[in-house]
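S.K.: sequence first, predicted coordinates after that:
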Amino acid sequence: ALVHKVAAQVQKERNVKLSYLVGTMIEVPRACVVADEIAKSAQFFSFGTNDLTQTSLGMSRDDAGSFLPRYQEEEIVRQNPFAVLDQTGVGKLMEMAVKLGRSTRKDIKLGICGEHGGDPDSVKFCHRLGLAYVSCSPFRLPIARLAAAQAALDES
């Protein structure tokens, strides 16, 4: 309500009409679990998969280099979850958030922000969930676009 009130005030003061959406980053597991409540106020969800991965797995991306090789060696993780989305863990939380969000707001806009947006397998997974946009580092953009196009072709 506050955002809409301030937006109306600014539009009136400046004599302009702005179109905007109010949304949120989904970056912690609890946000996934209560996504139906969040969707009452949010017109979009952007999944911040870097932070969602850290908070879901309880590991820091900043010091992952010190333990991930051993985790992979011991088969605790198959691949670096900060490079390739953990579809069985983090992905299930995202799937829950998508379903809950859409149960409240059928037209909610959904997307992904972060380095996973440049990973083809992660982009394909997000496409299957119904996410419609990807935001990632500029150097990952060509890969993201190609992966999104391939996912769309695979679907048809």
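M.R.: Looks like it arrived, so ask away.

S.K.: now the residue nearest the centre of the chain. Its backbone dihedrals?
M.R.: By C-alpha atoms, centre = their mean, the chain has its centre lying nearest to F47, at 1.8 Å. Backbone geometry at F47, expressed as degrees, to the nearest 10, gives phi -80, psi 110.

S.K.: got it, and V16?
M.R.: Residue torsions, per degrees, to the nearest 10, at V16 are phi -130, psi 160.

S.K.: what ranges does this protein have for its strands?
M.R.: For the chain, the strands defined by DSSP state E occupy 23-26, 44-48, 109-113, 133-135.

S.K.: what residues sit buried inside stretch 30-46?
M.R.: Neighbour counts over stretch 30-46 (16 or more other C-beta atoms under 10 Å) mark A31, C32, A35, D36, I38, A39, A42, F44, F45, S46 as buried. The way it works is simple: take the backbone N, C-alpha and C, and place the C-beta from them, glycine included.

S.K.: show me those that map onto helices.
M.R.: A31, C32, A35, D36, I38 (DSSP state H).
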